[in-house]
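Q: Structure for the following, please:
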Amino acid sequence: MNATIIEKILSSASKKKVSAGDRVWADVDLIAMRDFGGPNVIQEFKNNFGEKKVFDPEKVVFTFDLHIPPRTEKVAKNQKACREFAEEQRTRLFDINHGIGQHVLFEHGLVKPQDVIIGTDSHMNLLGALQSFSTGVGTTDIVAALATGKLWFRVPRTIKIEIDGKLKKGVYAKDIILHILKNLGTSGLIYKAVEFYGSTVDDLNLAGRITLTSMVTEMSGKIGFITPNNEIVSFVNERSGQKNEFVSADKNAEYEDVLNFEVDDLEPMVACPHSPDNVRSVREVEGTKIGQVFIGSCTNGRFDDLFEAAKILKGNKSKARLIIVPATMEVAKEAIEKGLYKIFIDAGAVVSNPSCALCTIGHPGVLAPYDVLLSTSNRNYLGKIGKDAEIYLCSPATAAASAINGEITDPRG
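A: Numbers count the residues shown, from 1 in each chain. Model prediction:
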């Protein structure tokens with residue numbers, strides 16, 4: 001055998017031995033639709049299949065995370081259409097009181113290693129942290145899978161990325177992935193799978209692993225995988241209620257390339273406007289004035305992310321407008337129980353209900369022209385949160401330290 005992780009998963013899902021570059025029809029284990037994108041799927045499904053039932057209602061789920069609660073009549077109608085379709089088809093639905101879809105899925109045990117999962121979100125691939133082949137696809141692909149339970153894929157070639165070294169104080173997974181983005185660029189992984197290895201990766205908790213895999217999208221990658229440690233194995237088995245079989249690449253697996261990154265001397269990093277690969281060290285841009293700070297998103301909205309921010313914010317006041325959004329209600333509850341909300345509110349933060357929040361326009365916190373946002377999200381393209389505004393990307397620690405000073409600040413002090 002000489003198979004990579006993606007080759008093994010798609011071999012199992014297609015019931016035949018496959019290699020990079022092959023075209024295969026694979027069984028789909030889960031289809032996820034959001035309040036954004038879901039209504040288009042419903043309309044196209046009904047246009048093509050009428051009142052046909054989906055292939056397996058237990059493998060279909062709606063997650064509301066983009067505009068929750070709805071702020072316009074159009075959004076309310078879209079969510080209503082999703083609820084009605086879910087009731088008609090008897091599928092699962094996580095309504096406005098849950099949070100970011102991918103996070104809700106794994107918290108509820110719906111994500112297992114070797115699963116093939118498709119969805120209407122471009123960051124579905126963060127679930128590779130749990131060894132699922134998860135990917136965002138278009139409306140027509142979702143519709144076809146709803147009807148048949150299968151979808152066509154080209155097996156991606158795989159890049160192996162080794163990350164070794166001991167992170168210094170104030171340096172986190174977000175800094176690692178921004179450093180990699182700086183080196184590979186936004187087109188460096190076009191339709192590639194990634195396998196992350198190395199001593200640094202081994203030490204990352206679930207939140208850190210999600211940060212790495214979620215931003216594979218920003219390099220145009222298809223999916224990122226990380227070999228689970230004991231914490232991840234226990235988490236997945238407990239949430240799914242079963243003992244799962246994780247998969248490893250063969251020792252002689254064929255990779256398109258092997259990249260090595262040493263992070264012993266890595267500094268806190270920032271992606272400057274208007275691209276995620278326009279990366280500099282915090283030191284290079286320190287002192288840049290900011291008007292608003294956002295801590296949250298599918299990339300940095302777990303409890304551990306909020307905890308790192310809280311350690312810095314405790315006892316301080318934010319000079320910038322500070323918006324903090326937990327990824328899910330489960331995260332929010334833990335943050336409340338452990339006193340993080342008090343720290344945030346005392347610091348002057350607005351703590352909003354779990355959602356995607358300031359990853360895109362349409363949420364509280366939209367920017368005025370030429371306003372400057374420091375964000376823990378994953379994209380900073382021009383116009384994403386407001387016309388002519390500027391967005392910088394960073395870790396929760398850098399965001400918190402910068403909020404206190406009203407300017408980009410090194411979290412190491």
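Q: Identify the single longest strand in the chain, thanks.
A: As assigned by DSSP state E, the longest strand anywhere in the chain is strand 157-164.
Q: partners of that strand in the sheet?
A: Applying DSSP bridges, strand 157-164 is found paired with strand 192-197 (parallel), strand 257-262 (parallel).
Q: Let me know the average pLDDT across the first one.
A: Averaging pLDDT along strand 192-197 yields 98.
Q: and that strand, how far out from the chain's middle?
A: Its chain's C-alpha centre and that of strand 192-197 lie 16 Å apart, by Cα atoms, centre = their mean, to the nearest Å.
Q: what does it contact?
A: Residues outside strand 192-197 that contact it (Cβ atoms under 8 Å, 6 or more residues apart in numbering) are 4-6, 156-163, 212-213, 216, 221-227, 249, 255-256. For every residue, glycine as well, the C-beta is placed using N, CA and C.
Q: For the next helix or strand after that strand, C-alpha coordinates in PDB please.
A: The first helix or strand that comes after strand 192-197 along the chain, using DSSP states H and E, is helix 199-202. Provided in PDB are the C-alpha atoms of helix 199-202 (Å, rounded to 0.1, in the frame of the first residue of the first chain):
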ATOM      1  CA  SER A 199       5.900  17.900  17.100                       C
ATOM      2  CA  THR A 200       4.100  21.300  17.100                       C
ATOM      3  CA  VAL A 201       0.900  19.800  15.600                       C
ATOM      4  CA  ASP A 202       1.000  16.900  18.000                       C
END
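Q: which residues sit against helix 199-202?
A: If you take Cβ under 8 Å, 6+ apart as the criterion, helix 199-202 is touched by 163-167, 176, 209, 212, 226-227, 229, 263.
Q: With respect to Ile336, which of these is nearest?
A: Proximity to Ile336 was ranked across these by Cβ to Cβ; first place goes to Arg209, at 24.5 Å.
Q: Need the three-state assignment for that closest one.
A: Classification of Arg209 by DSSP: H, G, I helix; E, B strand; the rest coil places it in helix.
Q: Do I have it right that it meets Ile163?
A: No: using Cβ atoms under 8 Å, Arg209 is not in contact with Ile163; the gap is 11.6 Å.
Q: what about Ala310, how many neighbours?
A: 24 (other Cβ atoms under 10 Å).
Q: ok, it touching Ile343?
A: Yes: counting by Cβ under 8 Å, Ala310 touches Ile343, with 4.7 Å between them.
Q: Now that Glu267 has come up, it's in contact with Glu284, right?
A: No: with contact defined as Cβ under 8 Å, Glu267 does not reach Glu284; the gap is 9.2 Å.
Q: and those two? which has more neighbours close in?
A: Neighbours were counted for Glu267 and for Glu284 using other Cβ under 10 Å; Glu267 has more, 18 against 13.
Q: Can you say which helix or strand has Lys182 in it?
A: Per DSSP H and E: helix 173-184 holds Lys182.
Q: which helices and strands sit right next to that helix?
A: The contact analysis (3 or more Cβ pairs under 8 Å, 6 or more residues apart in numbering; DSSP states H and E) places helix 173-184 against helix 206-214, strand 257-262, strand 269-271, strand 279-281.
Q: And these: which comes nearest Asp388?
A: strand 269-271 (18.2 Å).
Q: Flag every buried residue along that closest one.
A: Within strand 269-271, the residues that qualify as buried are 269-271, counting by 16 or more other Cβ atoms under 10 Å.
Q: what sits up against the host helix or strand of Arg239?
A: For Arg239, the element it lies in under DSSP H and E is helix 230-240. Outside helix 230-240, the residues that touch it by Cβ under 8 Å, 6+ apart are 106-113, 129-130, 205-206, 209, 226, 228, 243-244, 246.
Q: Also compute the angle for it relative to helix 206-214, please.
A: 90 degrees (axes from the mean of the first three to the mean of the last three Cα atoms, to 10 degrees).
Q: pLDDT of helix 230-240, averaged?
A: Helix 230-240 carries an average pLDDT of 97.
Q: that older thread, which of the contacts of helix 199-202 sits closest to Gly365?
A: Leu212 (25.8 Å).
Q: Now for that closest one, how many residues are close by?
A: For Leu212, the count of nearby residues is 26 (other Cβ under 10 Å).
Q: gap between the nearest residue to it once chain neighbours are set aside and Leu206?
A: With Cβ to Cβ, 6 or more residues apart in numbering as the criterion, Leu212 has its nearest non-adjacent residue at 5.3 Å, and that residue is Ile177. Distance, Ile177 to Leu206, by Cβ to Cβ, to the nearest Å: 15 Å.
Q: Looking at the two, which is more packed in?
A: Ile177 (30 against 20).
Q: Identify the residues contacting the more buried one.
A: Ile177 makes contacts with 211-212, 215, as judged by Cβ under 8 Å, 6+ apart.
Q: Kindly report the same for Ser11.
A: 3, 17-18.
Q: likewise Val293?
A: Here Val293 is in contact with 318, 320-323, 373-375, 399-400, 402-403 (Cβ under 8 Å, 6+ apart).
Q: cutoff 6 Å now
A: 320, 322, 374, 399, 403 (Cβ atoms under 6 Å, 6 or more residues apart in numbering).
Q: Where strands are concerned, which of these count?
A: Those of the contacts of Val293 lying in strands (DSSP E): 322, 374.
Q: which residues of this structure fall in helices?
A: Per DSSP state H, the chain carries helices over the ranges 5-14, 38-49, 73-89, 101-107, 139-148, 173-184, 199-202, 206-214, 230-240, 282-285, 303-313, 329-337, 340-346, 396-405.
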